[in-house]
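> compute the structure for the input listed below.
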Amino acid sequence: MVNSTIAELTQQFAQPGELVWIGLRPARGAAMQSVAEVFADTGSGLQGDRYQGQSGKRQVTLIQWEHLQVLASLTGKPVTAEILRRNLVIKGINLLALKNQRFRIGDAVFLTTGFCHPCSKMEQVLGTGGYNAMRGHGGLTAQVVTSGLIRVGDPLTVLTEV
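Next comes the predicted model:
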């Protein structure tokens, strides 16, 4: 579209994303559990995940699949979704473009609530420089606004305001 406004451009995506991995943290410090599907609940986030933020704004964490290879390149070691402790791994769409957006995965609708900045634990997990490697690649936080089942392979589609 020629001469589009910035507001119009922020609603245009080349393709939907795809949910390629789901991880749950059953308890603080416990290993991530990979699952094929999970129920996303407006009151508590992902069923079976221990994290329930006080404000509810950090019910779910997402990271971009393409960034796993970037992080591996920056740290010199393999990087998997499990060690980064994010809940959902999405490929094929720029997650940072989802800031302040509502989006659907499977039967659930989410609202992006912020950036998922790295914590100091990333230095331990990824080695020296791991924290800095994660900066700008930590993904997003979101809250569930419509409950529903989500499955690996589900598309992520951005919902435009009506």
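> dump the biggest helix by length in the chain to PDB, restricted to CA.
Assignment by DSSP state H gives helix 65-75 as the longest helix of the chain. Coordinates of each C-alpha in helix 65-75 appear next as PDB, following Å, rounded to 0.1, in the frame of the first residue of the first chain:
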ATOM      1  CA  TRP A  65      12.100 -19.000  17.300                       C
ATOM      2  CA  GLU A  66      14.400 -17.200  14.900                       C
ATOM      3  CA  HIS A  67      16.200 -15.500  17.900                       C
ATOM      4  CA  LEU A  68      17.300 -18.900  19.200                       C
ATOM      5  CA  GLN A  69      19.900 -19.100  16.400                       C
ATOM      6  CA  VAL A  70      20.900 -15.400  17.000                       C
ATOM      7  CA  LEU A  71      21.500 -16.100  20.600                       C
ATOM      8  CA  ALA A  72      23.500 -19.200  19.700                       C
ATOM      9  CA  SER A  73      25.600 -17.100  17.400                       C
ATOM     10  CA  LEU A  74      26.100 -14.400  20.100                       C
ATOM     11  CA  THR A  75      27.000 -16.900  22.900                       C
END
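> what residues does it touch?
Helix 65-75 is touched from outside by 20-21, 78-81, 84, 89-92, 126-127, 129-130, 133-134, 137, 139, with contacts defined as C-beta atoms under 8 Å, 6 or more residues apart in numbering. (C-beta placed from N, C-alpha, C; glycine too.)
> let's see that with 6 Å instead.
The contact list for helix 65-75, computed with C-beta atoms under 6 Å, 6 or more residues apart in numbering, reads Val20, Pro78, Val79, Val89, Lys91, Leu126, Gly130, Ala133, His137.
> ramachandran coordinates for Gly127?
Main-chain torsions, Gly127, degrees, to the nearest 10: phi 90, psi -180.
> thanks a lot, see you next time.
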